[in-house]
Each structure stands twice: as C-alpha cells, then as structure tokens.
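Trainee: predicted coordinates and the sequence they were generated for:
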Amino acid sequence: MAEILGLHHITLVSADAQRTADFYTRVLGQRMIKKTVNFDDPGSYHLYFTDETGTPGTAITFFEWPDAPKGMTGIGGTHHLALRVRDDNGLLKWKRRLTDLGIKVDGPYDRHYFKSIYFKDPDGVILEIATDGPGFLIDEDAATLGTSHLPPPAQMMIANRDEARIQAQTWPEPVPHITADMALLHGMHHITAISGSIQRTADFFEGVLGMKRVKMTDNFDVPGAAHWYWGVEGGRPGSILTYFGYAPEMGVRSVQMGVGQTHHYALAVADEDTQLEWREKLVQAGLRVSPVMDRIYFKSIYSSDPDGHIVEIATQGPGFAVDEAVAHLGEKLMLPPWLEGYRERIESSLKPIRVPQVASLQVEG
C-alpha cells in the first residue's frame, strides 16, 4: 500500500551561495553534504544541508538565484520551516547562541504541542526551532486525534503576550559551540505553508495523499485563521506538514516567488514502485503531475497543492553517497552524467564557494 513516510526535503531560494553555506554550517551546525547545480538550470548552484549522511527529512536545500527579486510570503507559498531540538534547555541554548551572534530571536513561545523560537536566515527565510514535545496527544487521545477543533488555551495565549517575560527567558551562559543536546541533527520538525481554503487543502492531503490530520486548531498569532496539521505516526516530528488557512475576506496576498521563499517541498516515499503508485493516483485525481525525474540521489515527481504550491514526492534512496565517499560529501562540485560533458562551461559560470569543513563546527559532547 502506497503511503507517505514524512518530510523529505525543502528547497528555498538564496541570493548568495557562500553566505548561505556559512550560515547553515557555522551558525546552525549542519553539514553541507552536496554541492551540485540545479539540474533544470545548470547555471545555478543547488546546495544541500543535512545531518551527517543526508537522511530523508533532514535536507534543507537552496537554489542560488543572485538576480532574483526579494520574495514575499502568501497563499500558495511556505510561511516557515521548523528544525527539531530535543527539549526546552536546548531551545534556550539556541536563543542565547543566536542572540550573541547578533541574530534577532523571537520567543520562546508555548505552542501547546511544542515550544519554539523564531529567527531569519540571511535571505529572510523564517526559521523556527521547535521542541519534540509534549506532542499532539496532550489534548486528544489517539483514537480521536485531529477530529475536533481545539482553540488555543486562553492562559497560554495570555502568557505568549507577556513579551517582557518571554525576552527574559534565555540560557544563563554564552553558548559559543553547539553542544550535543542542542545539535540540530534530527532534521525538520515541520513545514508550515499558507492556504486560501483550509478545507480544500484538507481534501488534497487527506483525500488524495492519504495523510492523517492530527490537529485542527487556530493560528496562535492571527485570530480567525485556521491552523491544521497533518503527519504520520500520530504527528511524529519530521513528518508534520501544517497549513495556515486564510478566508478570502482576510485579504491575504498570493506568494511572490523570489529570494527567501520556498521553491518546493518534498514528501518521502519508500521506493520507485511506491512513487509510481502515487503518480497514478494523482493522475486519476485529475491533477497535473510530472514524469519521474532522476535527481541522482533520489527520484522525484512534482505536482502542486490546490493553491499552486509545488509539492514533490521523492524516494528515500539511493542517497547522497552514490557519487562521493561519506567522509568527503559536499567537498567537490558534483554533476549528473548528462551534464558532465559541460563541466568546464558550468564551472566557469559559477562563483567558487568555500565549503566549511565538518571539523570546524565544533559540536561538543
């Protein structure tokens, strides 16, 4: 039976590949696991930042488009992506580390199902770091998960408006190095996108993709807007896709693609046979879907949600070690076989970037 296993990756737009590489490795402690090009636009970089081996669900990837306009969030786009940290102490360590590096941090906020902080990368991508718990069973049991509308608790909403108290919450000491209990090595917690009709979005993810709705609540920051969650295994972190739902009368604009915005996000499936089953289901549902595309490290098909956000379904393998040894992932520019004959031309069109070494990250135990 075909099923979605969780998140696979997210691909965003960067204006400066070197600046992006420095931020995601030196600041956030991720490994730059692959330096390649956009296979559909070989004149631009495609960089992958992941855990040590590129486990599906850990990859944040970037197309470098230096001449693209600044993007803007809106319907049909992504609002933010969240990375996983184990607990509250790890979250406070991240707040202190980022603040000491001169990065503005909002929170920590209580999101009832997890706690989180928010900040932006150099291109304006909204990033969240969220704790693994307490989880979605805090106010529903497993049998009824996601079936009732549950507004945010009033006391929590009051506490989240106490900015003086929130700003005072941080780790008491500087955090110059990333410690083991705060390392962001488990990948994404969730991705949050924006919908112009939350029910239409639900019909797509539940009716077409068969994903389980695990929570129906409200946008904690925008009264009157829905916030629904889908996931697997009861909303396991790393499998969660959420949407803010805005009614037409709220006047929310459509997304403007550009720097700092998401090009697409990908959901993971087990293998190529399962992927073909999904392709047939999408076709039978009357949706546009691409042929299977060979991305070397995985196979992909592309469709879109009802608001036009590109949704990819990607296989888990063969993985990032298919063309480089694990110890040397990300060190050289890798090209697919059909572009190898154009290497000299491609390299001459790209601005060289320095690849931060894993040893320089100083992740301490």
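Mentor: Received it, and whenever you're ready, just let me know what you need. Residues are numbered from 1 along each chain as shown.
Trainee: can we go C-alpha only for contacts and neighbour counts from here?
Mentor: Will do.
Trainee: and the helices in the protein, which stretches?
Mentor: 17-22, 88-100, 154-160, 163-168, 198-202, 272-284, 337-340, 343-349 (DSSP state H).
Trainee: and Asp221, which of those is closest to it?
Mentor: In terms of C-alpha to C-alpha, the element of the helices of the chain nearest to Asp221 is helix 154-160, at 9.0 Å.
Trainee: may I see the buried residues of the closest one?
Mentor: Buried residues in helix 154-160, counted by 16 or more other C-alpha atoms under 10 Å: Met157, Asn160.
Trainee: hey, C-alpha coordinates of it in CSV?
Mentor: Only the C-alpha atoms of helix 154-160 are listed here, as CSV (Å, rounded to 0.1, in the frame of the first residue of the first chain):
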residue,chain,number,x,y,z
ALA,A,154,-6.6,31.0,26.9
GLN,A,155,-4.0,31.0,29.6
MET,A,156,-1.3,30.1,27.2
MET,A,157,-2.3,32.9,24.8
ILE,A,158,-2.1,35.4,27.7
ALA,A,159,1.4,34.1,28.6
ASN,A,160,2.5,34.4,25.0
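Trainee: what's in contact with stretch 65-81?
Mentor: 13-16, 44, 125-128, 188-196, 252-262, 305, 307-309 (C-alpha atoms under 8 Å, 6 or more residues apart in numbering).
Trainee: of those residues, buried ones?
Mentor: 13-16, 44, 125-128, 188-196, 254-262, 305, 307, 309.
Trainee: which non-adjacent residue is nearest Glu283?
Mentor: Rather than Glu, residue 283 is Val. The shortest distance from Val283 to any non-neighbouring residue, by C-alpha to C-alpha, 6 or more residues apart in numbering, is to Val289 (6.8 Å).
Trainee: what's the neighbour count on the one you found?
Mentor: 18 (other C-alpha atoms under 10 Å).
Trainee: and it, what does it touch?
Mentor: Contacts of Val289 (C-alpha under 8 Å, 6+ apart): Arg279, Leu282, Val283, Ile301, Tyr302, Ser303, Ser304.
Trainee: report the contact partners of the closest residue to the last one other than its chain neighbours.
Mentor: In this case it means Ser304. Leaving aside its chain neighbours, Ser304 sits nearest to Ile310 (4.3 Å; criterion: C-alpha to C-alpha, 6+ apart). When contacts are counted by C-alpha under 8 Å, 6+ apart, Ile310 is found next to His263, His264, Tyr265, Tyr302, Ser303, Ser304.
Trainee: do the same with Ser148
Mentor: Lys215, Met216.
Trainee: where's it relative to Tyr243, distance?
Mentor: 16 Å (C-alpha to C-alpha, to the nearest Å).
Trainee: what's the pLDDT at the residue minimising distance to the centre of the chain?
Mentor: In the chain, the centroid-proximal residue (C-alpha atoms, centre = their mean) is Leu81; its distance is 4.2 Å. For Leu81, the pLDDT comes out at 98.
Trainee: now do Met1
Mentor: pLDDT, read off for Met1, is 71.
Trainee: residue contacts, it?
Mentor: Met1 makes contact with Thr274, according to C-alpha under 8 Å, 6+ apart.
Trainee: so what's Thr233 up against?
Mentor: No, residue 233 isn't Thr; it's Glu. So Glu233 contacts nothing (C-alpha under 8 Å, 6+ apart).
Trainee: how about it, phi and psi?
Mentor: Main-chain torsions, Glu233, degrees, to the nearest 10: phi 50, psi 50.
Trainee: from Gly6, how far out is it?
Mentor: Distance from Glu233 to Gly6, counting by C-alpha to C-alpha: 9 Å.
Trainee: who touches Gly234 in this structure?
Mentor: So Gly234 contacts Phe136, Ala142, Leu145, Lys212, Val214 (C-alpha under 8 Å, 6+ apart).
Trainee: most neighbours of all the residues you listed, which one?
Mentor: Val214 leads these on contacts (other C-alpha under 10 Å) with 26 neighbours.
Trainee: tell me which residues touch that one, please.
Mentor: Neighbour list for Val214: Phe136, Leu145, Gly146, Thr147, Trp228, Tyr229, Trp230, Gly231, Gly234, Gly235 [criterion: C-alpha under 8 Å, 6+ apart].
Trainee: could you find the closest non-adjacent residue to the first one?
Mentor: Pointing back at Phe136 there. Closest to Phe136 by C-alpha to C-alpha, 6+ apart is Tyr113, at 5.6 Å.
Trainee: try the last one
Mentor: Nearest residue to Gly235 in three dimensions, chain neighbours excluded: Val214, at 6.1 Å (C-alpha to C-alpha, 6+ apart).
Trainee: can you get me the start-to-end distance on stretch 220-231?
Mentor: Span of stretch 220-231 from end to end, C-alpha to C-alpha: 19 Å.
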